[in-house]
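S.K.: Provided below are the primary sequence and the corresponding predicted coordinates.
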Amino acid sequence: MQPGDAAAVAALIRAAFAAQSVMTDPPPSAVRITKADVVSHLRIGGGAVAEVAGALAGSALWAERDGGLYLGRLAVAPAWRRRGVAKALLAAAEAAALAMDLPRIHLSTRWCCSTTAGCSPPAVSSRRRARRIPAMPNRPP
């Protein structure tokens, strides 16, 4: 990803997060991301874009944090979901972690419930707590 991609990436992130299947309260901050936010992120981290036939299908931003690669703002255009775009972006993040000699990828998600009956967060996840996921299971820590 290059700074010249920032406007298109910001628009993609806003569209992807606005089209989530379950609305969250409060709405994700990603729906307000700007070109300047993406450019600012690229000064301290990196990212990747996925293109299909010249069209932007997905993007991911990352930065080194807490001894690993923090993956954030993974976004796939609604029209390209369930076609392997996110998987390709995760592979790019894993390659970046390997290149930076980082032993893991950190990923944070928001838990939400689509019904009111019996909803409680899983024991391993909470609203703003990151869960560490090994990126390279065959490498020593």
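M.R.: Cool, the structure landed.
S.K.: So for residue 36, what's the nearest residue that isn't a sequence neighbour?
M.R.: residue 6 (7.8 Å; Cβ to Cβ, 6 or more residues apart in numbering). No exception for glycine: its C-beta is placed from N, CA and C like everyone else's.
S.K.: And residue 92, by the same measure?
M.R.: residue 48 (3.9 Å).
S.K.: Any idea how many residues pack against the one you found?
M.R.: Residues near residue 48, counting by other Cβ atoms under 10 Å, number 21.
S.K.: And the residue nearest to residue 36, its phi and psi?
M.R.: Dihedral angles of residue 6 (phi, psi; degrees, to the nearest 10) stand at phi -60, psi -40.
S.K.: Next up, the contacts around residue 95.
M.R.: Residues touching residue 95, when contacts are defined by Cβ atoms under 8 Å, 6 or more residues apart in numbering, are absent altogether.
S.K.: secondary structure element for it?
M.R.: Per DSSP states H and E, residue 95 falls inside helix 85-99.
S.K.: Bridging across strands, which residues link to residue 105?
M.R.: In this structure, residue 105 has beta-bridge partners residue 69, residue 133, where bridges are defined by DSSP bridges.
S.K.: wouldn't it be in contact with residue 97 here?
M.R.: Yes: between residue 105 and residue 97 a contact is recorded at 5.6 Å, counting by Cβ atoms under 8 Å.
S.K.: okay, residue 24: pLDDT?
M.R.: In this prediction, residue 24 carries a pLDDT score of 70.
S.K.: give me the number of residues near it?
M.R.: As a burial measure, the neighbour count of residue 24 was computed by other Cβ under 10 Å and equals 13.
S.K.: ok, now the one 3 residues further on?
M.R.: For residue 27, the tally of surrounding residues (other Cβ under 10 Å) stands at 12.
S.K.: Please look at residue 102 and residue 66 and confirm they touch.
M.R.: No: under the criterion of Cβ under 8 Å, residue 102 makes no contact with residue 66, lying 9.9 Å away.
S.K.: Between those two, point out the one with more neighbours.
M.R.: residue 102 (21 against 11).
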